[in-house]
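*Asks:* Here is my input, please return the structure:
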Amino acid sequence: MDITPNLWLILLTLGVVCLAAALVYGIMRNRQRTPLEREITEAGTRAEYRAEDRDER
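*Replies:* The predicted model follows:
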């Protein structure tokens, strides 16, 4: 009996489970941010976009 198909199925299943766990962790962590943390992130993003726009000109 060849174990290769079973091994791929197990690895694929584990990969999907790990990806789902990472997504759930990220979503839960993002919901815990305070309004101040969100504003700091938005300000940093805007500054980064402005810097990229200056570099293109």
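
*Asks:* Show me the contact partners of stretch 34-49.
*Replies:* If you take Cβ atoms under 8 Å, 6 or more residues apart in numbering as the criterion, stretch 34-49 is touched by Arg33. The C-beta positions use only the backbone N, C-alpha and C, and glycine is treated the same way.

*Asks:* Now do it: distance to the chain's middle.
*Replies:* How far stretch 34-49 lies from its chain's middle: 17 Å, per Cα atoms, centre = their mean, to the nearest Å.

*Asks:* tell me the mean pLDDT over that stretch?
*Replies:* For stretch 34-49, the mean per-residue pLDDT is 94.

*Asks:* hey, C-alpha coordinates of it in CSV?
*Replies:* Taking C-alpha atoms only, stretch 34-49 is exported to CSV below (Å, rounded to 0.1, in the frame of the first residue of the first chain):
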residue,chain,number,x,y,z
THR,A,34,-8.2,50.6,20.6
PRO,A,35,-9.3,53.7,18.6
LEU,A,36,-5.9,55.3,19.4
GLU,A,37,-4.1,52.3,17.9
ARG,A,38,-6.3,52.4,14.8
GLU,A,39,-5.6,56.1,14.3
ILE,A,40,-1.8,55.6,14.7
THR,A,41,-2.0,52.9,12.1
GLU,A,42,-4.0,55.0,9.7
ALA,A,43,-1.6,58.0,10.1
GLY,A,44,1.4,55.7,9.4
THR,A,45,-0.3,54.3,6.3
ARG,A,46,-1.1,57.8,5.0
ALA,A,47,2.5,58.9,5.6
GLU,A,48,3.8,55.9,3.8
TYR,A,49,1.6,56.6,0.8
